[in-house]
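In: Sequence first, predicted coordinates after that:
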Amino acid sequence: MIDAMKAESRRSVRTRAWALVLAGALALAGIAGLSVRAASADPTLPPLTPAELLGKVAAADVPGLSATFEQRSDLGLPALPAGVGDDETASMLSLLTGTHTVRVWTAGDQKSKVALVDGATESALIRNGSDVWAWSSEKQEAVHSTLPATKRPSPTVSPTEAIRTLLTKLDGTTDVTTSGTGYVAGRAVYQLILTPRATESLVGQVRVSIDAEHFVPLAAKVLASDGQEAVGVQATGIDFAVPNDSIFAFQPPAGVTVTARASSGKGEKAEKPKGEAPKTFGTGWATVTVVTMPTTGTDQQAKALLDSLPAVSGSWGKGRLLSTTLLTAVITDDGRVAVGAVVPDALYRALGSR
């Protein structure tokens with residue numbers, strides 16, 4: 001993890017721009033998670049209005065849980081040109097395509113574990129009190145840091161927490177309705193539908209399934225504006241018992257490389273990239289972020305990657321367009337990057353604004 005961060009700081013502006021685009025897609029996938037499969041007979045549950053259901057989600061407090069999620073994505077990412085991309089890029093892209101298994105354990109706000117399981121390999125982030133471990137079984141590397149004594153939120157974010165954060169931040173940009181009941185992982189759920197009002201949004205709907213007993217989001221799916229399912233994660237099994245303490249007691253295997261990271265009471269600050277601060281345009285689902293990257297040279301792989309994208313131009317200048325099912329980005333020749341879950345015209349308007 002630390003080696004990757006150091007490598008990232010040495011990359012050219014174009015490579016960092018591409019990474020920013022992929023990170024944006026991954027972030028969107030992270031909050032958009034979870035898909036619902038219909039049961040043969042829907043459960044009969046007490047009726048709840050959308051506001052009542054959202055209130056219960058916001059107030060939900062479970063002492064612990066163990067869950068397994070199946071995550072799948074079909075974002076329509078363009079294929080990399082031949083010979084372009086290293087193992088890190090390939091690994092990042094693999095998270096945005098296909099199907100993956102995520103396992104989650106929580107026991108209050110001081111103990112949590114999230115693990116991405118890919119066959120026999122596992123990448124995990126574990127918090128046990130003040131101890132935080134990042135572990136990669138494939139690389140046989142572990143990074144250990146210690147949180148300050150002051151209480152902090154857990155550094156791990158489960159799919160249910162990501163969806164809950166999304167639901168509690170809804171405002172006038174979204175139509176919220178309910179759509180009956182169903183089952184997820186054998187548990188009865190309410191079904192909630194979020195429909196963006198912004199016509200520029202590439203997100204057509206987000207459909208969330210919420211546990212009818214504990215009011216924890218268990219499943220949802222994101223439909224693109226054309227009605228196709230783009231991202232989904234679904235709980236395939238869940239247990240609301242508090243996990244055993246041994247789940248969070250991580251010990252690196254013998255021979256594993258361990259990197260220690262110091263943590264001060266004020267927290268560590270990441271090195272800020274040079275250039276102007278990011279600017280945002282629009283609101284809600286139609287938000288566009290524009291970042292000006294420092295103007296440095298480009299390596300050959302980054303140039304080949306950019307040259308493989310369609311060329312676009314307008315009153316704002318010239319650049320390259322990356323278009324996926326849920327995310328659009330423009331990387332301009334003068335070092336600006338505009339990203340949003342919007343149609344290209346919204347990015348062009350943002351780039352043309354001063």
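Out: Everything's here; your move.

In: which stretches of this structure form helices?
Out: Assigned by DSSP state H, the chain shows helices spanning 2-10, 13-32, 50-59, 87-95, 159-168, 300-307, 344-352.

In: Tell me where the stretch 101-250 of the chain is predicted with low confidence.
Out: Counting by pLDDT under 70, the ranges of the stretch 101-250 of the chain that qualify are 149-164, 166, 168-169.

In: For it, which segments count as strands?
Out: 111-118, 121-128, 131-136, 141-146, 174-184, 187-196, 203-211, 217-224, 229-239 (DSSP state E, counting those that start in this stretch).

In: mind putting these in CSV, distance to Lys279 included?
Out: Just so you know, the C-beta spots here come from the backbone N, C-alpha and C atoms, and that holds for glycine as well. Converted to CSV, these look like this (distance: least, CB to CB, whole Å):
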stretch, distance to Lys279
strand 111-118, 32
strand 121-128, 31
strand 131-136, 32
strand 141-146, 32
strand 174-184, 23
strand 187-196, 22
strand 203-211, 22
strand 217-224, 26
strand 229-239, 27
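
In: deepest of those strands, which one?
Out: Ranked by mean neighbour count under mean count of other CB atoms under 10 Å, these are led by strand 217-224, which reaches a mean of 26.

In: Direction included, what does that one pair up with?
Out: strand 203-211 (antiparallel), strand 229-239 (antiparallel) (DSSP bridges).

In: of the ones you listed, which approaches Ser66 most closely?
Out: Taking CB to CB as the criterion, strand 229-239 is the member of the strands paired with strand 217-224 that comes nearest to Ser66, at 4.7 Å.

In: between the closest one and strand 187-196, how many degrees?
Out: Going by axes from the mean of the first three to the mean of the last three CA atoms, to 10 degrees, strand 229-239 is angled at 150 degrees with respect to strand 187-196.

In: how much distance is there from strand 229-239 to the middle of the chain?
Out: Here strand 229-239 is found 14 Å from its chain centre; the criterion is CA atoms, centre = their mean, to the nearest Å.

In: Kindly export that strand (C-alpha atoms) in CSV.
Out: Extracted C-alpha coordinates of strand 229-239, given in CSV (Å, rounded to 0.1, in the frame of the first residue of the first chain):
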residue,chain,number,x,y,z
GLU,A,229,-27.8,-2.6,-14.4
ALA,A,230,-24.2,-1.1,-14.1
VAL,A,231,-23.2,-2.0,-10.6
GLY,A,232,-24.5,-4.4,-8.0
VAL,A,233,-23.6,-5.9,-4.6
GLN,A,234,-25.7,-8.3,-2.7
ALA,A,235,-25.5,-9.8,0.7
THR,A,236,-25.4,-13.6,0.2
GLY,A,237,-25.3,-14.3,3.9
ILE,A,238,-25.5,-12.2,7.1
ASP,A,239,-25.5,-12.9,10.8
